[in-house]
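> Only the shape, not the letters, is given here:
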């Protein structure tokens with residue numbers, strides 16, 4: 001399957017472009033690894049005729065994703081449409097930075113400091129002793145310096161979209177499938193309270209600045225719907241209530257036909273490039289018919 005990228009896909013440093021005001025897109029997608037892997041801006045752009053950019057970031061719930069969202073709106077023009085890829089994890093809360101290495105060039109930025117100073121116990125040490133933040137990352141820094149100018153080191157990323165040209169991993173699924181009937185003994189209200197507050201804060205900002213918002217629960221392999229079902233029902237109900245209260249679209253693809261075919265996925269939760277391209281095409285159609293046409 002053609003990855004549907006072009007020469008601009010090489011060395012797409014998302015953080016650099018955010019802080020230097022080089023994105024400025026009509027459509028912005030935020031979310032965790034599902035957002036990052038599922039939305040191909042090129043397909044969305046070709047169909048809608050609106051510029052698009054994927055700001056998804058792996059392993060990152062809204063309380064951390066706020067760094068990227070605030071950095072974007074503080075340094076780029078505001079979008080016409082914000083797509084928030086929602087799932088059980090995005091509304092959770094993290095007390096650490098996933099793949100902290102990516103933030104190292106930007107630790108002096110206000111958007112980073114405003115969030116991290118409350119959750120990273122090393123924040124003040126790193127602020128006082130700048131070189132301290134590189135401990136444990138020496139080889140990553142060395143390899144990045146060594147690779148300057150080497151586009152092969154960048155991977156294939158187009159406007160933040162990270163495609164996965166992989167087939168279904170049967171072994172990964174076999175291991176996970178044993179957990180499908182695990183009981184979920186947690187207080188949903190307490191674990192999602194902060195995430196819901198963060199989501200409402202984004203909604204308030206967007207309404208104030210006339211930015212359309214669309215919640216999208218993107219596809220995962222259909223058998224995963226049985227995993228921690230009560231949690232998913234709780235999150236879906238909360239999202240539906242928030243969407244209704246704020247007159248927002250909530251598109252739930254958890255039971256879409258795409259979810260029935262293993263060939264569209266590389267693991268239980270993530271579409272491969274073929275599945276992502278199909279999904280992006282569907283999303284582009286929805287965006288035009290539900291969002292832009294409705295407001296013209």
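Thanks, I have the structure now. Small disclaimer: the values here were computed from a predicted structure and weren't measured. Numbers count the residues shown, from 1 in each chain.
> Quick check: which helices or strands does the longest helix seen in the chain pack against?
Secondary structure of the chain per DSSP state H: the longest helix is helix 188-208. With contacts taken as 3 or more Cβ pairs under 8 Å, 6 or more residues apart in numbering; DSSP states H and E, helix 188-208 sits against helix 62-75, strand 81-85, strand 212-217, helix 229-245. Yep, even glycine has a C-beta here, placed from its N, CA and C like the rest.
> Pick the most buried one from these.
strand 81-85 (a mean of 25; mean count of other Cβ atoms under 10 Å).
> Give me the mean pLDDT for the helix or strand following that one.
Per DSSP states H and E, the first helix or strand lying C-terminal to strand 81-85 is helix 110-116. Mean pLDDT, computed over helix 110-116, is 96.
> contacting residues around helix 110-116?
Identification of contacts with helix 110-116 by Cβ atoms under 8 Å, 6 or more residues apart in numbering yields 63-64, 66-67, 70-71, 74, 97, 103, 106-107, 123, 127.
> Quick check, residue 211 in contact with residue 78.
Yes: shown here, residue 211 and residue 78 form a contact pair, counting by Cβ atoms under 8 Å, at 5.9 Å.
> what element comes up after the least confident helix or strand in the chain by mean pLDDT heading to the C-terminus?
The weakest-scoring helix or strand in the chain, judged by mean pLDDT, DSSP states H and E, is helix 138-146 (a mean of 75). Using DSSP H and E, the next helix or strand after helix 138-146 towards the C-terminus is helix 170-177.
> Now tell me what touches that following helix from outside.
221, 223, 267, 268.
> Could you find the closest non-adjacent residue to residue 37?
In this structure, residue 37 finds its nearest non-sequential neighbour in residue 270, 4.9 Å apart by Cβ to Cβ, 6 or more residues apart in numbering.
> Pull the number of nearby residues for the one you found.
23 (other Cβ atoms under 10 Å).
> And the one 5 residues further on, by the same measure?
Summarising burial for residue 275: neighbours were counted as other Cβ under 10 Å, giving 25.
> Quick check: the residue lying closest to it once chain neighbours are set aside vs residue 100, distance?
Nearest non-adjacent residue to residue 275, counting by Cβ to Cβ, 6+ apart: residue 264, 3.1 Å away. Distance of residue 264 to residue 100, computed by Cβ to Cβ, to the nearest Å: 32 Å.
> Neighbour count: these two, which is higher?
residue 264 (23 against 15).
> surely that one meets residue 257?
No: counting by Cβ under 8 Å, residue 264 does not reach residue 257; the two are 9.5 Å apart.
> Provide a list of residues in contact with residue 104.
Contacts of residue 104 (Cβ under 8 Å, 6+ apart): 133, 134, 137, 141.
> between those residues, which is closest to residue 286?
residue 137 (40.7 Å; Cβ to Cβ).
> What does the pLDDT read for that closest one?
Note on residue 137: pLDDT of 84.
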